[in-house]
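Novice: no sequence on this one, just coordinates:
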């Protein structure tokens with residue numbers, strides 16, 4: 001195998017990959033050399049090649065003893081090597097799942113002559129299989145790495161494009177604090193918000209230009225920079241933005257206007273560079289009069305459509321795409337979606353629409369496609385979705401079902417017929433469903449119990465057929481997890497009852513039920529059914545085996561799903577389903593829905609009632625019940641503890657109900673002055689929240705009136721009270737101004753706080769203030785739990801301090 005002298009990293013890697021796989025196929029060594037005479041017999045990798053299209057590949061026999069394997073740019077030769085290997089029978093079905101045929105005599109026919117190029121310039125199926133295994137990307141022809149693992153130079157590098165929802169990086173708490181005028185003004189709240197920018201503000205526009213130029217100067221290979229709105233709908237309502245919005249027929253007016261401005265400002269210094277902006281949700285409709293500048297690209301992200309059908313099934317999709325294509329002279333990129341984002345793991349029957357979708361984008365001259373897929377390793381058919389998207393992005397003309405069958409036979413071996421049959425069943429389910437949304441994660445809406453039992457039986461056959469082949473068995477078992485997962489989340493709703501009606505009751509032996517449907521006397525058409533505990537243990541083991549860490553968008557497997565499903569349900573209860581009686585602590589989640597917030601539950605031994613306190617619109621409400629679980633029943637007793645307004649702020653947060661040493665019940669909470677509440681502001685702003693105490697009588701189920709403001713000179717929140725072993729009652733709260741940190745103070749009386757002591761945990765800034773303290777007595781010890789990361793953090797943790805003795809108001813006592 002010969003390369004040119006001093007080959008590029010990707011050419012050298014391509015030659016080594018070819019040598020490695022040919023060696024596996026034949027058992028013979030293949031040497032990679034440079035400076036081979038032109039007359040020598042060789043497979044020549046990466047020779048210079050004049051192509052007509054980006055990333056074009058070329059395979060051909062030259063003179064009976066030379067075979068050329070090359071292509072355009074850094075990725076072309078590497079794509080050509082993997083294409084040759086596929087022509088010779090290799091398959092790259094998933095990370096860790098490849099097929100390499102064994103042959104004694106390997107021959108390449110003289111007739112093998114291939115010139116091919118991908119249709120889309122940018123190709124990125126963004127799913128767990130690709131973003132966590134960037135070395136797999138060149139094997140399937142993927143060149144994009146937005147939001148993903150970097151494609152190293154030896155793997156061909158990436159095709160730079162910028163689909164970030166970002167005004168060239170402008171945003172964040174620091175910019176908001178220093179230049180609030182750059183951010184969106186909201187009329188109703190009479191304040192600015194950090195979610196969006198004021199796109200007509202001159203200073204904001206100049207800063208976006210400065211940042212865009214800085215990005216282009218810092219990276220000479222960059223050819224595109226994003227100037228786009230963020231997720232969310234808090235757009236600026238200043239007079240200038242409103243005028244543009246009215247003139248152009250929507251939020252696209254201010255967005256395209258600033259994108260055009262940046263495009264004009266960078267054109268002279270960076271004539272090759274382009275500005276990308278989004279047509280997404282409220283900006284997807286083209287403007288009435290504005291035209292994109294010649295160096296402006298559009299990313300069309302039609303998220304609100306019917307995913308049971310190809311794009312044309314949503315009437316506005318194709319006309320909008322056609323108009324954007326016309327306005328930009330076909331400089332359009334696609335942000336597509338093929339996952340169920342409220343539950344990546346349920347069977348999601350949209351694979352069969354991918355062919356029509358890619359051909360639609362081809363027909364409108366789209367330049368690149370970013371397809372957002374499941375982010376967990378056990379997302380439904382994630383390996384197939386990534387592979388199939390990659391193949392169709394290269395050539396949308398291919399038959400998607402021929403490709404699906406090819407993948408099943410390669411990836412699943414003898415289990416392929418049963419896996420393929422289940423995929424065909426899913427396509428029928430899609431057609432039957434008529435309408436599917438990305439965030440409709442309750443599978444009861446389109447999957448019947450019989451659908452799932454059919455899938456269970458098919459995967460049982462597939463597992464049995466592959467049990468002696470570790471490679472294909474692992475793939476089949478990974479795929480069958482979607483059935484196990486859906487059985488579990490629906491077990492108490494309809495699955496257990498449906499299984500019982502089929503004569504397949506819960507098994508008694510967890511060890512016997514680890515397969516997707518191993519029979520224990522129920523007959524081949526009705527596999528014995530595992531218990532809920534067995535399903536949970538099986539799913540937990542699969543997640544550990546396949547290292548699955550994500551359950552849904554933004555939810556971790558271990559941190560969110562596992563504890564929740566262990567103790568309750570993740571799906572809402574429907575009328576008539578589920579058990580008729582519940583134990584004391586057997587809750588059905590969600591326990592409540594609507595406008596209630598900040599629930600607090602306590603028990604009063606004197607009355608032998610449980611009490612639940614919540615905020616609800618304009619009132620604090622109390623419920624009581626003899627059983628804790630009954631606190632959430634519709635017939636539970638309820639009364640208004642107090643109306644909000646007057647001395648009591650209209651927005652209350654974190655109320656807690658406590659009984660004092662004098663026998664009177666009191667509510668401790670925090671509230672904002674002038675109706676403001678801390679949760680409604682941005683992360684770096686301090687709002688004058690105050691600690692409050694409301695007083696009731698000897699019965700917690702009664703009315704409460706304003707008693708006092710605690711620590712009136714401090715901005716604080718999250719009060720909680722606790723009686724220590726010394727018989728004294730202490731207040732713990734999170735202070736934000738003028739002092740910052742977690743404080744413990746002795747209550748001299750129920751409405752008066754002592755002044756002795758300092759912060760038991762300090763904080764350098766508002767975002768670092770520990771929140772939501774709670775005292776816990778357990779195992780003879782007293783602990784103080786609290787949250788870290790700031791009130792708007794997406795990565796907060798819960799930590800604990802142990803009381804070590806001494807004065808509780810001092811840091812050294814914890």
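Specialist: Great, that's in hand. These figures come from a predicted structure and were not determined experimentally.

Novice: Going along the chain from the helix or strand bottoming out on mean pLDDT in the chain, find the next helix or strand for me.
Specialist: Every helix and strand of the chain was ranked by mean pLDDT, DSSP states H and E. The lowest is helix 562-567, at a mean of 77. Once the chain leaves helix 562-567, the next helix or strand it forms, by DSSP states H and E, is strand 596-604.

Novice: now residue 760: how far from residue 735?
Specialist: Per CB to CB, to the nearest Å, residue 760 is found 11 Å from residue 735. Every residue, glycine included, has its C-beta placed from N, CA and C.

Novice: any shared contact partners between these two?
Specialist: Residues touching both residue 760 and residue 735 (CB atoms under 8 Å, 6 or more residues apart in numbering): 741, 742, 743.

Novice: which secondary structure element contains the last one?
Specialist: In this case it means residue 743. Element membership of residue 743, judged by DSSP H and E, is strand 741-749.

Novice: contacting residues around that strand?
Specialist: By CB under 8 Å, 6+ apart, strand 741-749 touches 711, 716, 721, 728-735, 753-763, 769-770, 773, 784, 786, 808-809.

Novice: Can you say which of those residues are buried?
Specialist: 711, 716, 721, 729-735, 753, 757, 759-763, 769-770, 773, 784, 786, 808-809 (16 or more other CB atoms under 10 Å).

Novice: Return the subset of those residues lying in strands.
Specialist: Using DSSP state E, the subset of those located in strands is 716, 721, 729-735, 753, 759-762, 773, 784, 786.

Novice: which ones are touching the residue positioned nearest the centre of the chain?
Specialist: Compute the mean C-alpha point of the chain, and by CA atoms, centre = their mean the closest residue is residue 553, 2.8 Å away. Residues near residue 553 by CB under 8 Å, 6+ apart: 341, 342, 344, 375.

Novice: hmm, try it at 6 Å
Specialist: By CB atoms under 6 Å, 6 or more residues apart in numbering, residue 553 lies in contact with residue 341.

Novice: any idea how far residue 4 is from it?
Specialist: 46 Å.

Novice: Tell me where the model's unsure across the chain.
Specialist: The chain contains residues with pLDDT under 70 at 148-149, 441, 505-527, 567, 573-587, 673-687, 790-795.

Novice: Give the buried residues for stretch 530-540.
Specialist: Neighbour count says stretch 530-540 has 530, 531, 532, 534, 535, 536, 537, 538, 539 buried, by 16+ other CB under 10 Å.

Novice: ok, which stretches of the stretch 451-600 of the chain are helices?
Specialist: With DSSP state H, counting those that start in this stretch as the criterion, the stretch 451-600 of the chain has helices at 470-490, 496-501, 532-545, 562-567.

Novice: follow-up on the earlier one: farthest-separated two in the buried residues of stretch 530-540?
Specialist: 531 and 539 (12.7 Å; CB to CB).

Novice: tell me the SS of residue 370?
Specialist: strand (DSSP: H, G, I helix; E, B strand; the rest coil).

Novice: quick one, what contacts it?
Specialist: 124, 163, 335.

Novice: Phi and psi next, for the closest residue to it other than its chain neighbours.
Specialist: Among residues not flanking residue 370 along the chain, residue 124 sits closest, at 4.8 Å (CB to CB, 6 or more residues apart in numbering). The phi/psi pair for residue 124 (degrees, to the nearest 10) reads phi -150, psi 100.

Novice: can you confirm residue 130 is in a helix?
Specialist: Yes - applying three-state DSSP, one finds residue 130 inside a helix.

Novice: tell me, how many neighbours does the residue lying closest to it once chain neighbours are set aside end up with?
Specialist: Distance criterion CB to CB, 6+ apart; nearest residue to residue 130, sequence neighbours excluded, is residue 386 at 5.0 Å. Using other CB atoms under 10 Å, residue 386 has 30 other residues around it.

Novice: try residue 323
Specialist: Counted by other CB under 10 Å, the residues lying close to residue 323 total 14.

Novice: quick one: secondary structure of it?
Specialist: helix.

Novice: Name the nearest residue to it, sequence neighbours excluded.
Specialist: Distances taken as CB to CB, 6+ apart place residue 286 nearest to residue 323, at 4.8 Å, with adjacent residues excluded.

Novice: State the distance from that neighbour to residue 170.
Specialist: Using CB to CB, residue 286 is found at 25 Å from residue 170.

Novice: In TSV, list the helices of the stretch 451-600 of the chain along with distance to residue 434.
Specialist: Output for the helices of the stretch 451-600 of the chain, formatted as TSV (distance: least, CB to CB, whole Å):
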stretch	distance to residue 434
helix 470-490	20
helix 496-501	23
helix 532-545	30
helix 562-567	29
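
Novice: got the residue ranges for the helices in the stretch 151-300 of the chain?
Specialist: Secondary structure of the stretch 151-300 of the chain (DSSP H, counting those that start in this stretch): helices at 173-178, 202-218, 239-248, 252-267.

Novice: How about residue 233, nearest residue that isn't a chain neighbour?
Specialist: residue 282 (6.5 Å).

Novice: rewinding a little: name the residues of the least confident helix or strand of the chain that come out as buried.
Specialist: Under 16+ other CB under 10 Å, the buried positions of helix 562-567 are 562, 565.

Novice: which ones are touching residue 455?
Specialist: 422, 483.

Novice: whoops, residue 92 was the one
Specialist: Applying CB under 6 Å, 6+ apart to residue 92 gives the contacts 98, 139.

Novice: Residues in contact with the strand or helix carrying residue 356: which ones?
Specialist: Remark: residue 356 resides in helix 354-363, with elements defined by DSSP H and E. Outside helix 354-363, the residues that touch it by CB under 6 Å, 6+ apart are 119, 310, 311, 334, 369, 388, 392, 396, 400.

Novice: thought the fourth one was touching residue 369?
Specialist: This points to residue 334. Yes - judged on CB atoms under 6 Å, residue 334 makes contact with residue 369 at a distance of 4.6 Å.

Novice: Break the chain down into its structural domains.
Specialist: Following automatic domain parsing, one finds the domains of the chain at 2-117, 596-813.

Novice: May I see the ones you listed organised as a markdown table, with distance to residue 325 added?
Specialist: Converted to a markdown table, these look like this (distance: least, CB to CB, whole Å):
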| stretch | distance to residue 325 |
| --- | --- |
| domain 2-117 | 19 |
| domain 596-813 | 36 |
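
Novice: Spatially nearest residue to residue 152 (excluding sequence neighbours)?
Specialist: Per CB to CB, 6+ apart, closest to residue 152 is residue 134, 7.1 Å.

Novice: Number of residues surrounding residue 253?
Specialist: 24.

Novice: nope, residue 453 is what I was after
Specialist: Counted with other CB under 10 Å, residue 453 comes out at 22.

Novice: what's the distance between the closest residue in space to it that isn't next to it in sequence and residue 448?
Specialist: Excluding its sequence neighbours, the residue lying closest to residue 453 (CB to CB, 6+ apart) is residue 502, at 7.0 Å. Distance of residue 502 to residue 448, given as CB to CB: 13 Å.

Novice: Check residue 455 too.
Specialist: 11 Å.

Novice: Pop out the phi and psi values for the nearest residue to residue 314 once chain neighbours are set aside.
Specialist: Take residue 314 and drop its neighbours on the chain: the residue closest to it by CB to CB, 6+ apart is residue 305, 3.7 Å away. Dihedral angles phi and psi of residue 305 (degrees, to the nearest 10) take the values phi -140, psi 170.

Novice: what do you get for residue 393?
Specialist: According to degrees, to the nearest 10, residue 393 has phi -70, psi -30.

Novice: so who does it touch?
Specialist: With CB under 6 Å, 6+ apart, residue 393 has these contacts: 120, 123, 369.

Novice: out of those residues, who's nearest residue 71?
Specialist: Closest approach between the contacts of residue 393 and residue 71, by CB to CB: residue 123, at 14.9 Å.

Novice: Check the secondary structure at the closest one for me.
Specialist: strand.

Novice: show me the contacts for residue 616.
Specialist: Here residue 616 is in contact with 595, 596 (CB under 6 Å, 6+ apart).

Novice: sorry, that was for residue 433
Specialist: 308, 446.

Novice: same thing but 8 Å
Specialist: 308, 349, 445, 446.
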